[in-house]
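**Q** Pasting the sequence and the predicted coordinates here, then a few questions.
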Amino acid sequence: FYTATEAAIAYLREHMPAHGTLYVVQGDTNLHGDPIEIIRKEPSLASVEVFSSHGNNGTQKLSDVEARRVAHKAKTQPGSVFVLFAHDGPIDDPDTLEVEDWNSEVFRYSLWLVLNGAVFVNTAADPTLTAVKHSVYTEVNFSTPGPGAFEAMMKVMTFPSARERWVNVGKGGVEG
């Protein structure tokens, strides 16, 4: 059994330099293993600078100042910065439908990094994720955008300059 998270880690192990910087974009949960926990255990990625979209698992949340610094690194050190879109869990509360995981900051920072040379690594091509049934409106479909929808948005925002730096390592992806 090879999960999208494992595929992403394998891709990073093969392509990311020891002096690299990784921005992990993920929700508060990940159904197939937290990539940050796995990266921390991976010897070949031990010296990689890791930021996350939520500052979870001992990582620093990417700030505006740090995002600008990392975008500069992406521009001046090609192949040194990666954005890992590891969206494999809920992005909202099934009963309130409130979304706390995603905001414009997450996409703005990802955009800055990819426009300036970072490699965008996605873990799956799913256009939507099936929502947990709402307790009152059980017959209504409250699916949420999946990783494929976010990948499509990133491709639109960074075309044509980054088209050689889009990678999908999961099911349905070019690498998976």
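**A** That came through, no problem.
**Q** Can you tell me the closest non-neighbouring residue to residue 80?
**A** Take residue 80 and drop its neighbours on the chain: the residue closest to it by CB to CB, 6 or more residues apart in numbering is residue 20, 5.0 Å away. C-betas here are computed from N, CA, C, even on glycine.
**Q** and residue 149, what does it touch?
**A** Remark: with contacts taken as CB atoms under 8 Å, 6 or more residues apart in numbering, residue 149 is in contact with 127, 128.
**Q** Quick check: it vs residue 125, distance?
**A** Applying CB to CB, to the nearest Å, the value for residue 149 to residue 125 is 10 Å.
**Q** tell me the contacts of the residue nearest to residue 80?
**A** By CB under 8 Å, 6+ apart, the neighbours of residue 20 are 48, 49, 80, 81, 82.
**Q** Can you give me the neighbour number for residue 159?
**A** 10 (other CB atoms under 10 Å).
**Q** wait, is residue 22 part of a strand?
**A** Yes. Checked against DSSP: H, G, I helix; E, B strand; the rest coil, residue 22 lies within a strand.
**Q** Wait, it touches residue 42, no?
**A** No. Assessed by CB atoms under 8 Å, residue 22 is found out of contact with residue 42, at 11.1 Å.
**Q** Can you name the residues bridging to the most centrally placed residue in the chain?
**A** Centroid-nearest residue in the chain, with CA atoms, centre = their mean: residue 85, separated by 1.4 Å. With DSSP bridges as the criterion, residue 85 is bridged to residue 25, residue 122.
**Q** Next, find the distance separating it from residue 112.
**A** In terms of CB to CB, residue 85 sits 15 Å off from residue 112.
**Q** Give me the three-state assignment for the closest residue in space to residue 158 that isn't next to it in sequence.
**A** Once flanking residues are discounted, residue 158 sits nearest to residue 114: 4.9 Å by CB to CB, 6+ apart. Assigned with three-state DSSP, residue 114 falls in the helix class.
**Q** please renumber so the chain begins at 133
**A** Right, with 133 as the first residue, what we last looked at is residue 246.
**Q** Test my guess that residue 246 contacts residue 254.
**A** No. Counting by CB under 8 Å, residue 246 does not reach residue 254; the two are 11.3 Å apart.
**Q** And those two? Which one has more around it.
**A** The residue with more neighbours, out of residue 246 and residue 254 and counting by other CB under 10 Å, is residue 254; that gives 31 against 25.
**Q** gap between that one and residue 274?
**A** Remark: distance between residue 254 and residue 274 (CB to CB) = 23 Å.
**Q** Return the backbone torsion pair for residue 290.
**A** The phi/psi pair for residue 290 (degrees, to the nearest 10) reads phi -110, psi 0.
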